[in-house]
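> Below are the sequence and a predicted model for it; my questions follow.
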Amino acid sequence: MSRVADVPYYTQRDDEIDAKLYNLWRRAKLHFPTPIRVPLADYPHMTMVLEEHEWVCVDDANNDMPILAWVEFEDKGRDALHQPVKCKLNYYHFAATKVRAHSLELMQQVLEQRLKDEPPHL
């Protein structure tokens, strides 16, 4: 079930996710149960919630209200792991553009660290 399916968005745009970040998320889903909550250190009260089929940047001080959401990843039949993945980006707040790029950078840093710290499976 989608976290944002019933929440009206301000606007929706086409977007692309860098292959490195997308593949990192897929690896993280293999190691950690979803949803994966990633606090965004540079933005107090903001967390990236990584679901099975969407990423949602939420205001955790406001009952996890969405700010941004990457949805509808076009990854069916994906065979070129180095290519970016197209998706839709929903904006739920008029100033969400200001945190878009940096929130993805922070997400990448946290996921890389968590996977690095994960003990090997025997």
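Everything's here; your move. Numbering: from 1, shown residues only.
> Distance check, N23 against H82.
9 Å (Cβ to Cβ, to the nearest Å). From N, CA and C alone the C-beta is placed, and that goes for glycine too.
> All the helices of the protein, residue numbers only.
In the chain, the helices defined using DSSP state H lie at 19-31, 97-117.
> Quick one: closest of those to R37.
helix 97-117 (9.8 Å; Cβ to Cβ).
> can you list contacts of the closest one?
Helix 97-117 has contacts (Cβ atoms under 8 Å, 6 or more residues apart in numbering) with 17, 20-21, 24-25, 27-28, 31-32, 36, 38-43, 46, 48, 50, 55, 57, 67-68, 89, 91.
> which intervals of the protein have sub-threshold pLDDT?
Along the chain, segments meeting pLDDT under 70 span 1, 120-122.
> Spatially central residue in it, please.
Most central in the chain under Cα atoms, centre = their mean is W55, positioned 3.1 Å from the mean C-alpha point.
> Kindly state the beta-bridge partners for it.
With DSSP bridges applied, W55 shows beta-bridge pairing to L50, W70.
> thinking again about what came up before, as CSV, the helices of the chain with mean neighbour count and distance to V4 would be great.
Below are these laid out as CSV (neighbours: other Cβ atoms under 10 Å; distance: least, Cβ to Cβ, whole Å):
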stretch, mean neighbour count, distance to V4
helix 19-31, 15, 17
helix 97-117, 15, 15
